[in-house]
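Enquirer: coordinates only, no sequence provided:
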């Protein structure tokens with residue numbers, strides 16, 4: 001594996017996190033707390049792996065510009081400009097959600113989680129969309 005493979009790895013990790021977040025929400029709505037915890041811990045570990053790969057990739061100063069013009073570029077930037085700030089706030093939100101769960105303060109966990117999970121889910125989904133738009137659907141020419 002090379003550094004150029006990391007965007008695909010990152011998209012895969014984001015997609016995997018998305019699946020576990022959705023499954024975790026499904027299980028908690030079905031009051032299956034054990035399955036919920038397993039899914040959310042897995043989503044957390046996968047997201048941590050994503051963040052590690054993301055930082056390694058961007059530390060190497062590799063960038064790819066979105067070069068396709070027109071409507072796709074507008075959609076790309078709308079997604080990107082919502083994704084970036086929400087990605088920045090998602091990590092503290094996730095931490096603030098996990099700590100009460102670890103401390104078994106589930107009322108507090110639930111209050112915070114109702115805000116955290118949609119942000120985390122949005123960031124995971126849009127991360128995959130950014131990858132597809134940038135590297136698959138509208139790849140740079142040359």
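Expert: Yep, it's here. Source: prediction; values computed, not measured.

Enquirer: check which helices and strands whichever strand or helix holds residue 110 is in contact with.
Expert: Per DSSP states H and E, residue 110 falls inside helix 106-131. Packed against helix 106-131 by the contact rule (3 or more CB pairs under 8 Å, 6 or more residues apart in numbering; DSSP states H and E) you find helix 6-29, helix 33-59, helix 71-102. All C-beta atoms are positioned from the backbone trio N, CA, C, and that covers glycine.

Enquirer: which of the residues in the last one are classified as buried?
Expert: Which is helix 71-102. Within helix 71-102, the residues that count as buried by 16 or more other CB atoms under 10 Å are 76, 79, 83, 86-87, 90, 93-94, 97-98, 100-101.

Enquirer: can you pick out the most distant pair from the residues you listed?
Expert: Greatest spatial distance among these (CB to CB): 76 and 100, at 36.4 Å.

Enquirer: pLDDT below threshold where in the chain?
Expert: 142 (pLDDT under 70).

Enquirer: so which of the helices and strands packed on helix 106-131 comes closest to residue 126?
Expert: Residue 126 lies closest to helix 71-102 among the helices and strands packed on helix 106-131, at 4.2 Å (CB to CB).

Enquirer: number of residues surrounding residue 10?
Expert: A total of 22 residues lie near residue 10 under the criterion other CB atoms under 10 Å.

Enquirer: same question for the one 3 residues further on.
Expert: Counted with other CB under 10 Å, the burial measure for residue 13 works out to 24 neighbours.

Enquirer: look up how far residue 141 lies from residue 119.
Expert: 34 Å (CB to CB, to the nearest Å).

Enquirer: quick one: which of the two has more around it?
Expert: A side-by-side neighbour count of residue 119 and residue 141, using other CB under 10 Å, places residue 119 first with 15 against 6.
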